[in-house]
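Novice: Build me a model from this:
(one chain, ligands or ions: 1)
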Amino acid sequence: MSTAQLRAATSNAQLSYVNAGPGSGKTFLASEAFGYLRFVRHRHAAAGVVGVTFARSARRELENRIRVRWGARSVGWPNSVCTFDEMHRRLLRYLISQGLIVWPGGALLDRPLDSWALHPGATSKPGKKRKCFLTLDEEGLVSIGWTTSKLLAPNPAFTDRNDFLSALTDGHCTHNEIRNVLAAAMDGSLHPRFADAIRECLAGSVCHLVVDEAFDMNLLDTAVVQAAIDANVPVTVVGDPWQSLYEFRGSSPSAVQKLLVENRFLRIDMPGSHRYSTCEMLKLASALFRGEPFQVLEPADGEEFDVVLAHDWSALWAEDRISVLPAGVPSKLDRGRTTSAFVLLLGEVVQAQFGIESSGLVAATRVLEPSDLASQLEEPLALLRDSAATEDDIWSSLKGAFGLPCNVKKHEPKKLAKRCLRRLMDVVRHTDHPALGLTVHQAKGLEWERVLFLDGALSVSPRFANVLDVNEGSHRSVYVALTRARSSVRVLKVVSDPYGAQPSQIHHVAV
Ligand SMILES: Nc1ncnc2c1ncn2[C@@H]1O[C@H](COP(=O)(O)OP(=O)(O)OP(=O)(O)O)[C@@H](O)[C@H]1O
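Specialist: The predicted structure is shown next:
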């Protein structure tokens, strides 16, 4: 460990904030600090050290590092590493178990859904609709309310109260319902006993809270951290204000800054970088962290990459200048049964090629409930690799594998799904070693030797430098993408992306 990391990991401050740039070893530090807190500072505590972060991939990364460094028992009960969603569920469950909140159907199940996609009764057809949600009254009764609002395609919701109630009483719910009810409970104006109970739960179960990627916290997450502070639980937060990416989940860097200032967190700066092995990357990462102008290069002919990053999955599927295998599907892809079969097929190819789980597998598995996935996909996989097999052969085989009748209109693949299969056939049949394709969100916290970034707003001209603005979400996404490479990053211009969001304008200055 560097001296700066050692100082940060072994700080005995009640509240500390470690501020550091990309590749400076923040996650490394969070894992070191976890061991110090668990085995030294709080070795006699009955409550646990809890590490908390955002995406499931980030949670896995942090937990793996802690297991490797400190042994599997270091994260055993009462210690844990979890996502904020998991923490919200635990707190709500505590309120239910104490009889303070009455949940429809009684109990909150262990595995909330990510979304209501394909749940009977939930709709994602865009348009102005009556939309059901949960409310909490001061007696602790959770009931169903509704509002008329515009439904957005990727966010299905219930429009009928009875359908919603029967899904809830069957034990289903999404993280969204949990967040809504917990946020209402934490709002002290409703009834102070909810907030008192939450502080009691935190004080009894957590002896130290370590928050990684702190600038992704939303208002509910900061309220949970504030409740821990009010319960006298020591807190360490680690973060880089430039790496706040979860705007769609309501991340609020300004609320995080407010939390740090109002509670007088001890700020520990951790300079230095451990990721970068070339002057080019050291210079680029330092300019990015300081908000200074920087230049980027286009790839040279034939240059190879370990990973290709893009703002969204669609840009990766639309790219045909390089051989890239995206580990996820465009968000606009329909969620029907035939498309779900394609998602499972992609999952097998990605697993075989890169040894990782592709995005969207959980939802597709829920739709098709395969009995023996490996043998069901044996024939479609063989046809995918057989250059004599046509696109129609693969669709028929996929339908057959999951018992979907052929020649039924609703099981016909849609235009976008067909385009994705054609691209997959092309990549699988013409390259032995395609690059892994990921979105910037999926790449957060990870690193590779050589990175190619697909972007439409950065200038790659030798006459211009780019300047990013920390207050722009899409600029922060560019920052994360450009700082993932150990030795080199190149930028390939994408002219337009018909499906995904475009980053907002980046300021260019002449050099
Ligand atoms: N003291 C150290 N000695 C050797 N390697 C280190 C040290 N600290 C960190 N590293 C390595 O440097 C790389 C970057 O570390 P880490 O992922 O923790 O950085 P980070 O600050 O969380 O990055 P980012 O926020 O940009 O994702 C990793 O490969 C990590 O193992």
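
Novice: could you give me the average pLDDT of the top helix by length along the chain?
Specialist: Across the chain, the longest stretch assigned as helix under DSSP state H is helix 337-354. Mean pLDDT, helix 337-354: 95.

Novice: List the buried residues in the helix or strand just after that helix.
Specialist: Per DSSP states H and E, the first helix or strand lying C-terminal to helix 337-354 is helix 361-368. Going by neighbour count (16 or more other C-beta atoms under 10 Å), the buried part of helix 361-368 is 361, 363, 364, 367, 368. Just so you know, the C-beta spots here come from the backbone N, C-alpha and C atoms, and that holds for glycine as well.

Novice: what do you get for stretch 33-42?
Specialist: Buried residues in stretch 33-42 (16+ other C-beta under 10 Å): 33, 34, 35, 36, 37, 38, 41, 42.

Novice: May I see those arranged in a markdown table, with pLDDT and secondary structure as well?
Specialist: Formatted as a markdown table, these follow (pLDDT from 0 to 100; DSSP: H, G, I helix; E, B strand; the rest coil):
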| residue | pLDDT | secondary structure |
| --- | --- | --- |
| 33 | 93 | helix |
| 34 | 94 | helix |
| 35 | 94 | helix |
| 36 | 94 | helix |
| 37 | 95 | helix |
| 38 | 93 | helix |
| 41 | 92 | helix |
| 42 | 92 | coil |
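
Novice: what's the closest of the buried residues of helix 361-368 to the ligand?
Specialist: residue 361 (24.3 Å; C-beta to the nearest ligand atom).

Novice: Could you list the low-confidence segments of the protein?
Specialist: 108-110, 118, 124-129, 149-155, 496-504 (pLDDT under 70).

Novice: most centrally placed residue in it?
Specialist: residue 55 (3.5 Å; C-alpha atoms, centre = their mean).

Novice: Now do the contacts for it.
Specialist: Taking C-beta atoms under 8 Å, 6 or more residues apart in numbering, we find residue 55 in contact with 83, 441, 442, 444, 445.

Novice: Specify the local secondary structure of the residue of the chain positioned farthest from its centre.
Specialist: Most distant residue from the mean C-alpha position of the chain: residue 388, 38.6 Å away (C-alpha atoms, centre = their mean). Of the three states, residue 388 takes coil under DSSP: H, G, I helix; E, B strand; the rest coil.

Novice: Residue 132 too?
Specialist: From three-state DSSP, the assignment for residue 132 is strand.

Novice: tell me the contacts of it?
Specialist: So, once contact is read as C-beta under 8 Å, 6+ apart, residue 132 ends up touching 144, 145, 146, 157, 158, 159, 160, 161, 164.

Novice: any idea how far the closest residue to residue 35 other than its chain neighbours lies from residue 45?
Specialist: Ranked by C-beta to C-beta, 6 or more residues apart in numbering and with sequence neighbours excluded, the top spatial neighbour of residue 35 is residue 70, at 4.3 Å. Relative to residue 45, residue 70 is positioned 16 Å away (C-beta to C-beta, to the nearest Å).

Novice: Which of these two has more residues huddled nearby?
Specialist: Neighbour comparison, residue 70 and residue 45: the larger count goes to residue 70, with 18 against 15 (by other C-beta atoms under 10 Å).

Novice: Could you tell me which residues of the stretch 151-300 of the chain lie near the ligand?
Specialist: Proximity of the stretch 151-300 of the chain to the ligand (C-beta under 6 Å from any ligand atom) is limited to residues 240, 243, 274, 275.

Novice: now, which of these sits nearest the ligand?
Specialist: residue 274 (3.3 Å).

Novice: Need phi/psi at whatever residue of the stretch 351-500 of the chain ends up closest to the ligand.
Specialist: Going by C-beta to the nearest ligand atom, the ligand is nearest to residue 445 of the stretch 351-500 of the chain, at 4.6 Å. Per-residue torsions, residue 445: phi 80, psi -10 (degrees, to the nearest 10).
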